[in-house]
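# Fold the following and give me the result.
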Amino acid sequence: MSNTALLVMDMQAAMLSSFGAGPAVTAKVATVIASARSRSIPVIYVVVGFRPGAPEISANNKGFSAAKQQFAGIAPADFMKIHPDLEPLENEAVVIKRRVSAFAGSDLEVLLRSLKIEEIVLTGIATSGVVLSTLREAADKDFRIKVLSDACADREQEVHDFLTTRIFNKQGEVLTVAEWTK
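Predicted coordinates for the structure are as follows:
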């Protein structure tokens, strides 16, 4: 597992507070983080973040422009805070992305390549957002991919189920937390 890294994506307190499945996913992700740390697998946190006023958000971007007012009402540092139950250790990287994929507008690929990472393990919210987008881009970048289905969630359970049972397994391996941590 020396070439494996765990990605903890969009597990920001501000985002989880409005996410119904937040507590269950947070508990699963905490288990995965503990397991990765015990096996010396790097844990890399990915957060979505913008400058004050979110100038990076174009009116052409339907998804982000709809939420721009939400970003305007909170200080960027506060919005990017990772849930307290999942806080990174001092030596763990936090990558800031500017779009849905963990790779978009971030230095994630540079970090993974410098650590000689060939396999990534994906966790986070939302399944149809950061997990799907990151999986697709990571596959194009020739990473091996594992998705921990119960350490991800979506606002729509049917979408989560469809992606984890019908789509993700075409580009990666889908496991549960229990399967990955044993």
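
# Are there helices or strands packed against the lowest-mean-pLDDT helix or strand in the chain, and which ones?
Within the chain, confidence by mean pLDDT, DSSP states H and E is lowest for helix 62-72 among all helices and strands, at a mean of 77. Judged by 3 or more C-beta pairs under 8 Å, 6 or more residues apart in numbering; DSSP states H and E, helix 62-72 is in contact with no other helix or strand. In this view, the C-beta of every residue, glycine as well, is placed from N, C-alpha and C.

# 104 is where my numbering starts, stick with that
Got it, first residue is 104 now, which makes that one helix 165-175.

# next one: the next helix or strand after that helix to chain centre, how far?
Proceeding N to C from helix 165-175, the next assigned helix or strand is helix 179-182, under DSSP states H and E. Offset of helix 179-182 from its chain centre (C-alpha atoms, centre = their mean, to the nearest Å): 17 Å.

# Name the next helix or strand downstream of the helix ranked longest in the chain, please.
Longest helix in the chain by number of residues (criterion: DSSP state H): helix 125-141. Per DSSP H and E, helix 125-141 leads on to strand 146-151 as the next helix or strand towards the C-terminus.

# Extract the C-alpha trace of that next one and format it as PDB.
Output of strand 146-151 as PDB, limited to C-alpha atoms (Å, rounded to 0.1, in the frame of the first residue of the first chain):
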ATOM      1  CA  VAL A 146      -4.400  11.000   4.000                       C
ATOM      2  CA  ILE A 147      -5.000  14.000   1.700                       C
ATOM      3  CA  TYR A 148      -7.900  16.300   2.300                       C
ATOM      4  CA  VAL A 149      -9.600  18.100  -0.500                       C
ATOM      5  CA  VAL A 150     -11.800  21.100   0.100                       C
ATOM      6  CA  VAL A 151     -13.600  23.400  -2.300                       C
END
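
# Which parts of the longest helix of the chain count as buried, going by neighbours?
Within helix 125-141, the residues scored as buried using 16 or more other C-beta atoms under 10 Å are 125, 128-129, 131-136, 138-139.

# so can I have CSV of the residues you listed showing distance to Phe271?
Listed next are those as CSV, based on distance: C-beta to C-beta, whole Å:
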residue, distance to Phe271
Gly125, 21
Val128, 16
Thr129, 21
Lys131, 16
Val132, 17
Ala133, 22
Thr134, 20
Val135, 16
Ile136, 21
Ser138, 20
Ala139, 20
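
# ok, of the residues you listed, which one's closest to Cys255?
Nearest to Cys255, judged by C-beta to C-beta, of the buried residues of helix 125-141 is Val128 at 7.0 Å.

# Leaving out chain neighbours, which residue sits closest to the closest one?
Distances taken as C-beta to C-beta, 6 or more residues apart in numbering place Ala256 nearest to Val128, at 4.5 Å, with adjacent residues excluded.
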